[in-house]
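Asks: Dropping a prediction and its sequence here:
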Amino acid sequence: MDIESTKTSQGITIPPCPAILTQLMEELKETPINSKKIGILISQDVGIAAVVTRAANAPQVSGGKRIESISDAIHLIGFGSLANLVQEALLHNTINISDTSLERFWDSSRYTALAASRLAAVVGHVNPDTAYTFSLFHDCGIPLLVKRYPEYKKVLGLANKNTVRMFTQIEEEALGTSHAILGYYLARSWGLSDSVSHGILDHHDYAQLEDPRNLNSESHRLIAINCVAEYVAGTHLRSVQESEWRKAREGAALVLGYSPSDLDDVADDLVYQFDQALSQQES
């Protein structure tokens, strides 16, 4: 999709990137990374510090040892996972819309990002942290549309059920914009890479999986990985949109170097991992 030739954000305000995230990403670009400075930065935001500490105290991370120091938490989590955690918390807080139906949306975004990261580690050629970021942000335009248009949920339902047409075409016809366009603008505003932002813009254009046209190879693979990750998250959460998976499955398999049936096996294995982890938490 050529962003210059599309209708754009229809007056919807794109939330600016929080200063703490800009500062964190700048620090993470330094060589060597100064963990002390990052610890001080994280400690300045009580909410973010709590998110990081809570993640470090997860049994699979801490091994049952109680972690209270931010520096210890960062050491356990690692810088890549730290960036993912902070991005997720800030994205959720920035797009703060009081709508109980969106709780499922945030769950889906989180599991899609986790699945994308794991899949990227398996298939290669894409950094797992980049895949996580892509899948975390790819649908972030949806809450903005929910806030702006009272009728959007009806449009969303129609787009989810359509087995032929592109999801974003249905949004654009009804609203003059789409969640992919808004996601592109937000990704650019938050300083995400060209590969991520352009991939977000085209993530429902599954024809690009077979003919990437203007997309670079990383964007191409990010879209394919995200297609599988969405299916995995939807299956685990019992909310899979079969129409989207049917449209994307063969193209994603082609890009990732699998037969469609082998890709099904890879996806099923990830679903099993998530289901098992949930069972262990509940037992």
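Replies: Structure received. Predicted model, so just to flag it, every value in this text is computed and none were measured.
Asks: Please make it C-alpha for all contacts and neighbour counts, starting now.
Replies: Will do.
Asks: per-domain residue ranges of the chain.
Replies: 17-94, 100-283 (automatic domain parsing).
Asks: winner for burial among these?
Replies: Mean neighbour counts were compared across the domains of the chain using mean count of other Cα atoms under 10 Å; the top stretch is domain 100-283, at a mean of 19.
Asks: What ranges in this protein fall below the confidence cut-off?
Replies: Within the chain, the segments meeting pLDDT under 70 span 1-10, 98, 100-101, 282-283.
Asks: at 50 what do you get?
Replies: 2-7 (pLDDT under 50).
Asks: the strands in it, which residues?
Replies: Counting by DSSP state E, no segments of the chain form strands.
Asks: Spatially central residue in it, please.
Replies: Leu136 (1.6 Å; Cα atoms, centre = their mean).
Asks: Going along the chain, name the helices of the stretch 151-283 of the chain.
Replies: Listed in chain order, the helices of the stretch 151-283 of the chain (DSSP state H, counting those that start in this stretch) span 152-161, 167-175, 179-189, 194-201, 217-236, 242-256, 260-282.
Asks: out of everything not next to it in sequence, what's closest to Lys36?
Replies: Leaving aside its chain neighbours, Lys36 sits nearest to Ser71 (7.2 Å; criterion: Cα to Cα, 6 or more residues apart in numbering).
Asks: Now do the same contact list for the one you found.
Replies: Residues near Ser71 by Cα atoms under 8 Å, 6 or more residues apart in numbering: Ser35, Lys36, Gly39.
Asks: quick one: the closest residue to the last one other than its chain neighbours from Asn34, how far?
Replies: Of all residues not flanking Gly39 in the chain, Ser71 sits nearest, at 5.6 Å (Cα to Cα, 6+ apart). Shown here: Ser71 relative to Asn34, a distance of 11 Å by Cα to Cα, to the nearest Å.
Asks: Next: Ala115.
Replies: Taken as Cα to Cα, the span from Ala115 to Asn34 is 29 Å.
Asks: wait, Leu144 sits on His92?
Replies: No: counting by Cα atoms under 8 Å, Leu144 sits too far from His92 to count as a contact (11.7 Å).
Asks: sorry, back to before: for Gly11, which of the domains of the chain is the nearest?
Replies: Nearest to Gly11, of all these, is domain 100-283, at 9.4 Å by Cα to Cα.
Asks: before we move on, the earlier item: got JSON lines for the domains of the chain, with distance to Gly11 too?
Replies: Shown next, in JSON lines, are the domains of the chain (distance: least, Cα to Cα, whole Å):
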{"stretch": "domain 17-94", "distance to Gly11": "18"}
{"stretch": "domain 100-283", "distance to Gly11": "9"}
